[in-house]
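Chemist: Any chance you can model this:
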Amino acid sequence: MFDNADALLLARLQFAFTVSFHFLFPAFTIGLASYLAVLEALWLKTGKALYLDLFRYWVKIFAVNFAMGVVSGIVLSYQFGTNWAVFSDKAGPVVGPLLAYEVLTAFFLEAGFLGVMLFGMNKVGRGLHFTATLMVALGTLLSSFWILAANSWMQTPQGHSIGANGQFIPANWLEIIFNPSFPWRLMHTVTGAYLTTALVVGGVGGWHLLRGNGTPQVRKMFSMAMWMAALVAPVQVFLGDQHGLNTLEHQPVKIMAIEGHYESHPDGAPLYLFGIPNDSEQRLDHALAIPKVGSLILKHDPNAPMAGLDTVPDAEQPPVAIVFWSFRIMVGLGLLMFTLGLASLWARWRGTLYDWRGLHRFALAMTPAGFVAVIAGWVTTEVGRQPYLVYGLLRTADSASPLAAPAVGASLVAFVVVYFAVFGVGIWYLLRLMHKPPEPGEPDPERTEREPIRTAGIMPGPAQHPGSTEGAP
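Modeler: Next comes the predicted model:
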């Protein structure tokens, strides 16, 4: 009933599902940790309790999101051993230490200071608490550094030798870590995480402004989010362009699939805006194209020749339709982010940032756009390197464990059910937290956790203290 091809497809679907679900949480955690550090820094510098209120509001959301990210990420490590044992054996000497460095640096840093950041504001000095917040933010960035170093090595491998048993043996760790695609992938991904956070904060602010909850806290976080969108979205467009040029140099077949270039163009390639990829006939049906612009973007010369998939054997081509459309989803959402930033600047200049309901609706509608864009970008990156797991060296079909398809299918169904049940509740709780606007005197996590005990009459109410909103300057 099943064959090896079915087992391979199910294993790929299982990893795609779990890693896509997991990626939603770090994409928010990275940006939100830095946002919390900025809020606490502004509170310490200005003494305005407004920033402390925003910190306490978003730190509770950060804690829930961080927990779900950790839990969903643990599963991925086990899948390397269960579903991808051949890959783990061959690439383990390179990928294993990089993942271990992520645990030893980033995860330990986050775990060591997270408790102080969440519950220590009234127990340690302000300087130490701010240091803890900075260390958590740094930990999230270090985590992305090591994870993307491992992924980028799989995309553009270098700095290794191949042993007699086919294993990749590290030869130069600096070359492995700082492989050709790593710097651009790191900057593009982290910037995407910052934009994702800005869109969530801006969307929550827009939601409360639409409901008439225009408190100073809501206005401030909406303003900060719109500044982030206006300033970072253009930077992301530039980084995406540079990352694309890097991919053209090191993974040209991926670019051919992204652009829908089934045929070569000796006198300048068009830019295909839309079309229906047809792998069986090796053509793009119903294409809408702008002549010469593809070469202009990729080679900065409208007449530059561009090779197409007609120069690549069918067995070496990725599934074009997936890559073609996932890339356009990412780019389309990026242009909408850029438009939102411009609209916010126009509203700010006209003095209608907090009154223009059209802008607030736009911001609210864009709330999930960052998550969709980072998933679309991940799909473009990972599917575009097929049929290889380690690009040009280890094929995906040769990397899977010798498992029967029913076993892989059963575990996939179990993951889908458990993930939607557990993380669905977690996401629902996050939305509940965001449904309430930040207000003056926002309680910190420690007081929130202890409130049910006080309500029962077991503990007295809190005394005023320097770290509370009431005592803040």
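
Chemist: mind listing the strands for the stretch 351-473 of the chain?
Modeler: 388-390, 394-395 (DSSP state E, counting those that start in this stretch).

Chemist: partners of the helix or strand containing residue 272 in the sheet?
Modeler: Using DSSP states H and E, residue 272 sits within strand 271-278. Strand pairing for strand 271-278, determined by DSSP bridges: strand 283-290 (antiparallel).

Chemist: What is whatever helix or strand residue 16 lives in packed up against?
Modeler: Assessed by DSSP H and E, residue 16 sits inside helix 4-46. In terms of contacts (3 or more C-beta pairs under 8 Å, 6 or more residues apart in numbering; DSSP states H and E), helix 4-46 is packed against helix 49-82, helix 126-155, helix 182-210, helix 369-384, helix 405-435. In short, each C-beta sits where N, CA and C put it, glycine included.

Chemist: The residue nearest the centre of the chain: what's it in contact with?
Modeler: Closest residue to the average C-alpha location of the chain: residue 27 at 3.3 Å, with C-alpha atoms, centre = their mean. Residue 27 sits next to 192-193, 196, 370-371, 374 when contact means C-beta atoms under 8 Å, 6 or more residues apart in numbering.

Chemist: Among the residues you listed, name the buried ones.
Modeler: Buried by 16 or more other C-beta atoms under 10 Å: 192-193, 196, 370-371, 374, out of the contacts of residue 27.

Chemist: Closest one of those residues to residue 210?
Modeler: For the buried ones among the contacts of residue 27, the minimum distance to residue 210 (C-beta to C-beta) is 19.8 Å, reached by residue 370.

Chemist: My guess is the closest one contacts residue 202. True?
Modeler: No. Residue 370 is beyond contact range of residue 202, at 10.1 Å (criterion: C-beta atoms under 8 Å).

Chemist: Quick check: closest non-adjacent residue to residue 18.
Modeler: residue 75 (5.4 Å; C-beta to C-beta, 6 or more residues apart in numbering).

Chemist: mind checking pLDDT for the one you found?
Modeler: At residue 75, the model reports a pLDDT of 83.

Chemist: before we move on, what about residue 463?
Modeler: Reported pLDDT for residue 463: 34.

Chemist: same deal with residue 449?
Modeler: 47.

Chemist: again with the one 5 residues further on
Modeler: For residue 454, the pLDDT comes out at 39.

Chemist: and what of residue 406?
Modeler: pLDDT, read off for residue 406, is 86.

Chemist: Could you count how many residues lie near it?
Modeler: Neighbourhood size, residue 406 [other C-beta atoms under 10 Å]: 13.

Chemist: any chance of the strands of the stretch 351-473 of the chain in a markdown table, plus mean neighbour count and mean pLDDT?
Modeler: What follows is the strands of the stretch 351-473 of the chain, written out as a markdown table (neighbours: other C-beta atoms under 10 Å; pLDDT from 0 to 100):
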| stretch | mean neighbour count | mean pLDDT |
| --- | --- | --- |
| strand 388-390 | 22 | 93 |
| strand 394-395 | 17 | 92 |
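
Chemist: Where does the prediction get shaky in the stretch 201-350 of the chain?
Modeler: The stretch 201-350 of the chain contains no residues with pLDDT under 70.
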